[in-house]
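**Q** here are the coordinates; sequence isn't available:
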């Protein structure tokens with residue numbers, strides 16, 4: 001049994017958990033001999049990718065986490081033509097919107113397939129319930145005839 005030394009609770013910065021999950025996944029996948037050296041190389045690679053693509057996985061992870069709390073992080077943004085002249089959107093936000101639009105088609109197909117499966121399962125359930133009712137009514141009729 002452990003005894004806490006203080007009642008202080010530290011808050012994990014947003015996006016940090018996702019970075020650690022990614023590191024952990026890669027460590028489990030690669031099984032490196034030196035985990036600290038692998039982690040250093042992993043984060044160096046992430047920094048290089050962020051500099052080249054303007055995509056920050058920590059920022060994206062923050063928005064994913066935020067999505068579960070208020071669902072405003074992934075709403076589609078207005079195209080550049082509709083924006084006010086003085087305001088420009090960052091390259092990151094436009095890339096995220098296009099990435100979301102591309103994945104939304106796949107998501108729609110997956111959602112449609114899931115809905116079809118749920119509907120088929122529910123129809124099967126209704127049919128089984130109907131058969132049970134028919135069987136119970138047949139048994140009741142037979143018992144009434146025997147009496």
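**A** Received it, and whenever you're ready, just let me know what you need. Since the structure is predicted, the reported quantities are computational estimates derived from the model, not experimental observations.
**Q** show me the chain divided up by domain.
**A** Using the TED database, the domain ranges for the chain come out as 14-70, 106-146.
**Q** so what does the lengthiest helix in the chain touch, helix or strand wise?
**A** What stands out as the longest helix in the chain, according to DSSP state H, is helix 91-146. Of the remaining helices and strands, those touching helix 91-146 by 3 or more Cβ pairs under 8 Å, 6 or more residues apart in numbering; DSSP states H and E are helix 57-70. In this view, the C-beta of every residue, glycine as well, is placed from N, C-alpha and C.
**Q** give me the mean pLDDT for the helix it packs on.
**A** Averaged across helix 57-70, pLDDT comes to 71.
**Q** with stretch 111-131 instead?
**A** pLDDT averaged over stretch 111-131 gives 91.
**Q** where does this structure have its least confident helix or strand?
**A** helix 57-70 (a mean of 71; mean pLDDT, DSSP states H and E).
**Q** residue ranges with poor pLDDT in the protein?
**A** 1-6, 65-103 (pLDDT under 70).
**Q** re the thing from before, deepest-packed of the domains of the chain, please.
**A** domain 14-70 (a mean of 13; mean count of other Cβ atoms under 10 Å).
**Q** isn't residue 58 right up against residue 20?
**A** No: judged on Cβ atoms under 8 Å, residue 58 makes no contact with residue 20 at a distance of 10.4 Å.
**Q** coming back round to it: residue 7 is nearest to which of the domains of the chain?
**A** Checking the domains of the chain against residue 7 by Cβ to Cβ gives domain 14-70 as the closest, at 22.2 Å.
**Q** I'm done for today, thanks for sticking with me.
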